[in-house]
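> Below are the sequence and a predicted model for it; my questions follow.
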Amino acid sequence: MNGSVYESAAPEASTRNCFAVLVNNEPGVLARVIGLFSGRGYNIESLTVDEVDSSAHLSRITIVTSGPPRIIEQIKAQLGRLVPVRQVVNLTTQGKSIEGCLAYIKFIGDDNGREQAKLIARKLGARVVDTTGDAVIFELTAVFGHIEQMIEALKPLGPIEIARTGSVAMACGESMLDVPAPAMTSIPPAA
């Protein structure tokens, strides 16, 4: 043992965090956000993005990542410094929030297998959206763990195919993402 301070420090526990990021809806914004993560070696576990205000040209990005508290704070600060980013909120540390995903799960099996799969789906709150031939497609909107539970329950019954969105999340209560006023008034179009 050489007595290094780094050897005596206990490693920080990694936590899962969900960020809501309000950005200008313009080309290259998503690439900048992803570049921030990849350039610093951070992992993105889930990423969704969609326009939330067409008149203000704003999109909302939901990012799920994990790391020790120090790294999570760095991620929040670095996201906030990106030029197209209007607001960053760590929903995990802010307070109570809801989070969910959408999954389509295709199961292929004989009559008995399909009936067992439908019973599992019904129990977990999934609905049948297609039955063609020996295949049935279920739709499930739920938290990540609930979707994993359905996938694990169906695997022993036969082959499955999965397509799912990343997480979407929102703070509970009256707290909302608040768009700060622009620093300058809009520039009139060129004549």
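Thanks, I have it.

> Could you pull up the residues touching the residue minimising distance to the centre of the chain?
Closest to where the C-alpha atoms of the chain average out (Cα atoms, centre = their mean) is Ser167, at 2.9 Å. Taking Cβ atoms under 8 Å, 6 or more residues apart in numbering, we find Ser167 in contact with Cys18, Ser46, Thr48, Thr62, Val64, Glu99, Gly100, Cys101, Phe144. Quick note: C-beta positions are derived from backbone N, CA and C, even for glycine.

> Same check on Glu148?
Contacts of Glu148 (Cβ under 8 Å, 6+ apart): none.

> Pull up the gap between it and Gly109, please.
20 Å (Cβ to Cβ, to the nearest Å).

> same thing with Glu152?
16 Å.

> who has more neighbours, these two?
It is Gly109, of Glu152 and Gly109, that has more neighbours when counted by other Cβ atoms under 10 Å, with 18 against 9.

> give me the number of residues near Asn24?
By other Cβ under 10 Å, 13 other residues sit near Asn24.

> Where do the strands of this structure begin and end?
15-24, 46-53, 58-67, 85-90, 97-108, 127-132, 135-142, 160-164, 168-171 (DSSP state E).

> Nearest to Asp178 among those strands would be which one?
Closest approach to Asp178 among those (Cβ to Cβ): strand 85-90, 6.7 Å.

> for the chain, what helix or strand is lowest in average pLDDT?
In the chain, no helix or strand scores lower on mean pLDDT, DSSP states H and E than helix 5-8, which sits at a mean of 46.
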